[in-house]
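A.B. asks: Sequence below, structure please.
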Amino acid sequence: MKKIILASVILLYQINAFSQEAGVNTAFRVKQQVKQYWSGTWENYERLTFTFLENGRISEKLKEVFTLNTSTGSWNTFSKEVYIYDSLGRTVETTINQWNNGSWTNYYRIKTEFDQLGNISLKTSESWLNSAWQMQIGEQRFYSYSANAIPDSLQINSWNTSTLQFENRRKYYFQASGNSVSAVNTKTWNTDWMPEKQYANLQFYSNYSSGDFLGWFNNNRNAYEVQTFQNSAFQNYEKGTIDMQYPGKLNSEHYQNWLSNAWTDSIKNEYEYNSDGNITEKRNYSFTNGAWFQYDGSHHTYDTDSDGNISIQTNYAWLNQAFEKQDRIQFIYELFSGINEKADLKFALYPNPTKDFVTIQGKDLNETEIEILDIYGQKVKNAVLQDNKINLKGFENGFYFVKIEYIGTFKVLVNSNVE
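C.D. replies: Predicted structure coming up:
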């Protein structure tokens, strides 16, 4: 069985959604998903169809819903999502259109801008009202950086739909230890900046290297303590320990709250996977009356087709203290010629920062073509990987983007002072 990725958001880089290896110079990708719910028999309720660009990224997602308007029912067009990318393959605009009276009408739009180090600087959500796009949710992010390019601080401003302007909301202050972050303090705005929380004893799965920093901070922690500001002082609030195989793939989570001057168990989550890395079970527990009690969870099984691709994913929910069948997704594939068989999801790039060479950990990518871009997206060099290594010796200090054919984009920091 092979692994399928239903949502392509990888912290270190963005990889082509729905791609799978399938033999030399070919690959299968999901062309369509059919969703069904269980009511004693399987009943259709939603169908998604994907259109792709030449580089393999999704250009459009069409959604249809099943309507029982006849004895057999029929699929009816409902909405579509259209994606726009920048030169680094990052999604900068997603537009949702609805199908009304035989034509497409604008409905919702999400736009994203990035700063020179790849962190999100502006994200807006707009609705189509009175024949124009009107902002409903907006978030500005202003980073300041230290010499090693780790953020010193981040200020977030939010869009006020009443005043129609951005207003102060929250500030983050980061304390760095080497190439990672050891503590974070936050403040909120209420006529002035007021202390809110502080995160201490932070431990991370990997150092900051790529992707939006705030997303990395929220998803890459594997140990932390939180204190909240109360009665003019910081008070213990929450402690968390998170075990990950790699960012985004959790083994377990354990959270405690500060009660009666002691850390007290609160919630824990446990995860199981099959040999192909697909999640098979998630169990959610709360600590009640001195014991762990499972209050929620999910269970998943997978069928495969003759090519080894997942053909059906069946989902079970935790109800009445047992897993009960809920829904399933059927996958329909198309053969995508031109994707190198070396494409895989489990890649890491190290050391990062580097003063000369970086190695890509994953499958053998020898002889794979790459492009090296500067922070402005301008091509600096074309190269071919040798022994999975990239030679950056002699490059000026700073950030560079490494685009690997059919894989995705990594961000690398070159620093000649690295030991």
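A.B. asks: strand partners of the strand ranked longest in the chain, parallel vs antiparallel please.
C.D. replies: In the chain, assigned by DSSP state E, the strand with the most residues is strand 322-337. The pairing partners recorded for strand 322-337 under DSSP bridges are strand 26-38 (antiparallel), strand 310-319 (antiparallel).
A.B. asks: In the shortest one, which residues are buried?
C.D. replies: If I follow you right, that is strand 310-319. By 16 or more other Cβ atoms under 10 Å, the buried positions in strand 310-319 come out as Ile310, Ser311, Ile312, Gln313, Thr314, Asn315, Tyr316, Trp318. C-beta coordinates here come from the backbone N, C-alpha and C atoms, glycine included.
A.B. asks: repeat for stretch 263-274
C.D. replies: Buried, per 16+ other Cβ under 10 Å, within stretch 263-274: Asp265, Ser266, Ile267, Lys268, Asn269, Glu270, Tyr271, Tyr273.
A.B. asks: One more: stretch 44-58?
C.D. replies: In stretch 44-58, counting by 16+ other Cβ under 10 Å, buried: Asn44, Glu46, Arg47, Leu48, Thr49, Phe50, Phe52, Gly56, Arg57, Ile58.
A.B. asks: again with stretch 143-150
C.D. replies: For stretch 143-150, burial by neighbour count (16+ other Cβ under 10 Å) applies to Tyr143, Tyr145, Ala149, Ile150.
A.B. asks: Let me know the secondary structure of Phe217.
C.D. replies: For Phe217, the assignment made with DSSP: H, G, I helix; E, B strand; the rest coil gives helix.
A.B. asks: so how far is Val412 from it?
C.D. replies: In this view, Phe217 and Val412 are 20 Å apart by Cβ to Cβ, to the nearest Å.
A.B. asks: Kindly report the same for Ser87.
C.D. replies: 17 Å.
A.B. asks: ok, now Thr161?
C.D. replies: To Val412, Thr161 is 40 Å away according to Cβ to Cβ.
A.B. asks: hmm, back to that, farthest-separated two in the buried residues of strand 310-319?
C.D. replies: Taking every pair in the buried residues of strand 310-319 and measuring Cβ to Cβ, the maximum separation is 25.0 Å, between Ser311 and Trp318.
A.B. asks: circling back: out of the buried residues of stretch 263-274, the closest to Asn289 would be?
C.D. replies: Closest approach between those and Asn289, by Cβ to Cβ: Asp265, at 11.5 Å.
A.B. asks: Show the pLDDT at that closest one.
C.D. replies: Looking at Asp265, its pLDDT stands at 97.
A.B. asks: Find the helix or strand that the residue nearest to it when sequence neighbours are not counted is a member of.
C.D. replies: Leaving out its chain neighbours, the residue that sits closest to Asp265 by Cβ to Cβ, 6 or more residues apart in numbering is Phe287, at 3.8 Å. Assigned by DSSP states H and E, Phe287 belongs to strand 279-288.
A.B. asks: tilt between that strand and strand 310-319?
C.D. replies: With axes from the mean of the first three to the mean of the last three Cα atoms, to 10 degrees applied, the angle from strand 279-288 to strand 310-319 works out at 10 degrees.
A.B. asks: on that earlier part again, strands - which of the buried residues of stretch 44-58 land there?
C.D. replies: Among those, the members falling in strands (DSSP E) are Asn44, Glu46, Arg47, Leu48, Thr49, Phe50, Phe52, Ile58.
A.B. asks: So what sits opposite the fourth one in the bridge?
C.D. replies: Beta-bridge partners of Leu48, counted by DSSP bridges, are Gln33, Lys63.
A.B. asks: show me the contacts for it.
C.D. replies: Listed by Cβ atoms under 8 Å, 6 or more residues apart in numbering, the contact partners of Leu48 are Gln32, Gln33, Lys35, Lys61, Leu62, Lys63, Glu64.
A.B. asks: 6 Å instead, please
C.D. replies: Each residue near Leu48 by Cβ atoms under 6 Å, 6 or more residues apart in numbering is listed here: Gln33, Lys61, Lys63.
A.B. asks: Would you reformat the residues you listed as JSON lines and include distance to Lys381, neighbour count and pLDDT?
C.D. replies: Below are those laid out as JSON lines (distance: Cβ to Cβ, whole Å; neighbours: other Cβ atoms under 10 Å; pLDDT from 0 to 100):
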{"residue": "Gln33", "distance to Lys381": "39", "neighbour count": "19", "pLDDT": "95"}
{"residue": "Lys61", "distance to Lys381": "35", "neighbour count": "18", "pLDDT": "96"}
{"residue": "Lys63", "distance to Lys381": "41", "neighbour count": "17", "pLDDT": "98"}
